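[1] Task: produce atomic coordinates for the following.
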Amino acid sequence: MLRLRLNMLNTLKLRLFAVFVTLLLLPLTAAVFFLFQHFESIRQQDMMERMSERMQQVSTSLTDMMAFAYKTHILLVQDESLLRILAEPESLNSIDRKKQVESKMAGINNSFFFHQTELYFKLIDREGNVYTSYAPNGRLANSAEEFEQWRQRLAEGSFSYQWVSDDLNDVYYGQKGKLLSLYILLDDPLSTRKTSLGLARISINVQEWLNSTLKNSFTDQDLLIMDGSGKTVTQSREQILDRERLLQEARSNPSGGYYKDGNAAYLINYSYLEELDWYVVNQFPLHELFRDLRPLRLFFFAGLGIVMLLFMWMIFLLASKMTKPLRQLECSMEEVSDKGLNVKIRIGQGATREVMSLGKSFNRMTDNIVELIHKLNLEEKQRHAVRFQMLLAQMNPHFLLNTLNTVKWMARREKQEDIAAICTSLGVILEASLNHEIELVPLEREIQLLHSYASVQKFRYQEWFELIDELEPSIQYALVPKLSLQPLVENAIVHGLHTKQGSGRIWVRAKASGKQLVLEVEDNGIGMEEAGRKSSRRSRPGIGLSNLRERLQLLFKEEALLQIESEPGGTLIRMILPLLIATPYSGEGEKRDVDRISGGG
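    Reported below is the predicted structural model:
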């Protein structure tokens, strides 16, 4: 069922339909979508400008409150009767002194009645007496030590005043939240030595100021004030705000800016108050921003969807009409595959010229296929005949091997051990050469075959050369081409040691070098150049090395290498192969076609 659906989706008709949809309908839909995105961007930019104006008003309002607080300090300093009370507190009793100071502070607050937020005054004279314009939430105690601490702090600072953004709120009836307080010394204006008569703390309840500021704000607009570390100073209501993201944006644009939150649900606008290290943050929900665009977008996309469906239906009908002749051609081809190549395709009337040409080409192709099948059948018969001749040709070597085995036993019966040993060695070599199914043998097996060959040659040349093995034990199961070392040793005997005076030596070395196996055959003969001059009359050319090169090329391509280094003192032939280690097979040994001839009687 799944394959049938995939075949249906892979038809030319549906592909043409997909092309029309992809090249026409999808770009149109994308254009409309981006148009609405542009409208929303313009709307968002307009809202950002309005929010920026609002943020500027909020910042200006807070700045005005801070300026108003500083102006009250000037009014306090200009009030001579207040300064006289602070300078000589002992001139009045505590009750009269407190009444007069509180009356002065109430008068200052009343003079700025147009401000919606009340200022909270706290004065401390040099004797530590405390006066407040509000009812404190605790009993007032002597604060001479506090006065002295602030006098020293302000004297050491760059300014004669200091703003504290998170001052303790000790107003009994006030709203919760920290106070924004201005600490400033009240100096005697008549004194040339700048004598401090007292300390004034003029405080603003930030939460109270924020509530009064938001009375005329937009619907669902939230304000938040936080310090430079991300800690909330005050807020209009609980907000879900990513403080880390806000601080990151603020560091990249310290003066102010806006962005969308991670879920694109709110538009965040912020401004920075450098003097307090505060951020005034405005958070506006985007669903309120695009509320009036939703019906328009829904209506437009619904109409566009209906038009697209009608257009897709028309495209589908057009594609069906265009592909109908091709479908007829496909059915004819399926009939050919079911009934054999002898059936010809018949193109119906009304087919296009291209479809008719395709049908004629297919008929010619089937004729060619029939002819090729006939040729392949003839070639297959010829291969069977050649295979039969090869099997007949293998009978002679098998007959020779069996005859050699018979000679070995006859020699042993006549106690001719030398002849029996030669027959055994020669039989091992002949038996290995008859096994055409194995091209690679373990190095250990190759060395055994090499020693069998050397024993035959030693008998021929009367033991005048010595074969020495230098092999690494770890590579005894490395795979090498069968009978690949024999032509190298034969070359050393015939061309290097045959005409040498005295006995000779042949070293066979094998070692691993990275991912390669290095095999070396070295002799101490006369060298190949001198041997070539002495054997120039040889009638039969040597084929051992050239045959080995071709075998290496067939087995390993460019990964195998055969190098020859010859000089008057001897010849070194190096064969480099890929290092292939074969795990020994522990099953039944190799099955012989003839009697085992490598063992004793």
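
[2] residue contacts, residue 187?
    Neighbouring residues of residue 187 by C-beta atoms under 8 Å, 6 or more residues apart in numbering: 77, 194-197. The C-beta positions use only the backbone N, C-alpha and C, and glycine is treated the same way.

[3] Which ChimeraX command selects the buried ones in those?
    The ChimeraX selection below is limited to those of the contacts of residue 187 classed as buried (16 or more other C-beta atoms under 10 Å):
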select :77,196,197
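
[4] Just checking: the least confident one among the contacts of residue 187 is which?
    Among the contacts of residue 187, residue 194 has the lowest pLDDT, at 71.

[5] For that one, which residues are in contact?
    Taking C-beta under 8 Å, 6+ apart, we find residue 194 in contact with 187-188.

[6] Residue 169 now?
    By C-beta under 8 Å, 6+ apart, the residues touching residue 169 are 176-179, 205.

[7] hmm, 7 Å instead?
    177-179 (C-beta atoms under 7 Å, 6 or more residues apart in numbering).

[8] cool, and residue 512?
    472, 474-475, 579.

[9] Let's see if you can find the most crowded of the contacts of residue 169.
    The most crowded member of the contacts of residue 169, judged by other C-beta atoms under 10 Å, is residue 179 (23 neighbours).

[10] biggest helix in this structure by residues?
    Longest helix in the chain by number of residues, with DSSP state H as the criterion: helix 26-78.

[11] any idea how far residue 160 is from residue 530?
    Residue 530 sits 113 Å away from residue 160, going by C-beta to C-beta, to the nearest Å.

[12] Sorry, wrong one. I was asking about residue 559.
    From residue 559 over to residue 160 the distance is 90 Å, taken as C-beta to C-beta.

[13] and what of residue 211?
    In this view, residue 211 and residue 160 are 32 Å apart by C-beta to C-beta.

[14] Which one of the two is surrounded by more residues?
    Higher neighbour count among residue 211 and residue 160: residue 211, with 16 against 13, using other C-beta under 10 Å.

[15] what sits against that one?
    For residue 211, the contact set (C-beta under 7 Å, 6+ apart) is empty.

[16] Going forward, count from 330.
    Let's use 330 as the start, then, which means that last one is residue 540.

[17] Just the pLDDT at it, thanks.
    Note on residue 540: pLDDT of 80.

[18] SS state for it?
    helix (DSSP: H, G, I helix; E, B strand; the rest coil).

[19] Is residue 817 within a helix or a strand, and which one?
    Assigned by DSSP states H and E, residue 817 falls within helix 815-820.

[20] Same check on residue 700?
    Assessed by DSSP H and E, residue 700 sits inside helix 682-722.

[21] ranges for the helices of the stretch 580-729 of the chain?
    Remark: helices assigned in the stretch 580-729 of the chain by DSSP state H, counting those that start in this stretch are 615-618, 622-668, 682-722, 724-742.

[22] What is the burial count for residue 353?
    Residues lying near residue 353 (other C-beta under 10 Å) number 14.

[23] pLDDT and distance to residue 633 added to the contacts of residue 498, as a markdown table?
    Below are those laid out as a markdown table (pLDDT from 0 to 100; distance: C-beta to C-beta, whole Å):
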| residue | pLDDT | distance to residue 633 |
| --- | --- | --- |
| 506 | 71 | 52 |
| 507 | 78 | 55 |
| 508 | 86 | 58 |
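
[24] can you list these in TSV and add distance to residue 776 and secondary structure?
    Rendered in TSV, the data for these read as follows (distance: C-beta to C-beta, whole Å; DSSP: H, G, I helix; E, B strand; the rest coil):
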residue	distance to residue 776	secondary structure
506	96	coil
507	94	coil
508	99	strand
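
[25] Kindly indicate which of those lies nearest residue 645.
    Distance to residue 645, by C-beta to C-beta, is smallest for residue 506 among these, at 67.6 Å.

[26] Determine how far the last residue of stretch 437-457 lies from the first.
    Across its full length, stretch 437-457 reaches 23 Å end to end, with C-alpha to C-alpha, to the nearest Å as the criterion.

[27] End to end on stretch 486-495, go ahead and measure it.
    Distance across stretch 486-495, first residue to last, is 19 Å (C-alpha to C-alpha).

[28] pLDDT of that stretch, averaged?
    The pLDDT scores in stretch 486-495 average 82.

[29] right, and out of the contacts of residue 498, which lies closest to residue 381?
    Distances from residue 381 to those, taken as C-beta to C-beta, are shortest for residue 506 (26.0 Å).

[30] my read: that closest one touches residue 535, true?
    Yes - the pair residue 506 and residue 535 passes the contact test of C-beta atoms under 7 Å, sitting 6.0 Å apart.

[31] shared neighbours of these two, which are they?
    Counting by C-beta under 7 Å, 6+ apart, the shared contacts of residue 506 and residue 535 are residue 563.

[32] Residue 825: what's it in contact with?
    Counting by C-beta under 7 Å, 6+ apart, residue 825 touches 852, 854-855, 860, 899-900.

[33] what about the helix holding residue 817, distance to the chain center?
    Centroid separation between helix 815-820 and its chain, computed with C-alpha atoms, centre = their mean, to the nearest Å, is 56 Å.

[34] residues in contact with that helix?
    Here helix 815-820 makes contact (C-beta under 7 Å, 6+ apart) with 778-779, 782-783, 835, 850, 873-874, 876-877, 902.

[35] Buried only: go through those residues for me.
    Buried by 16+ other C-beta under 10 Å: 778-779, 782-783, 835, 850, 877, 902, out of these.

[36] Kindly indicate which of the residues you listed lies nearest residue 626.
    Comparing the buried ones among the contacts of helix 815-820 against residue 626 with C-beta to C-beta picks out residue 877 as the nearest, at 81.5 Å.

[37] burial of the residue nearest to the closest one when sequence neighbours are not counted, as a residue count?
    Using C-beta to C-beta, 6 or more residues apart in numbering and skipping the chain neighbours, the partner closest in space to residue 877 is residue 816 (5.2 Å). As a burial measure, residue 816 scores 21 neighbours (other C-beta under 10 Å).

[38] next one: the one 3 residues further on
    Using other C-beta under 10 Å, the number of residues around residue 819 comes to 17.

[39] follow-up on the earlier one: what's the longest helix of the chain packed up against?
    Using 3 or more C-beta pairs under 7 Å, 6 or more residues apart in numbering; DSSP states H and E, the elements in contact with helix 355-407 are strand 508-516, strand 525-534, helix 535-542, strand 595-602, strand 607-614, helix 615-618, helix 622-668.
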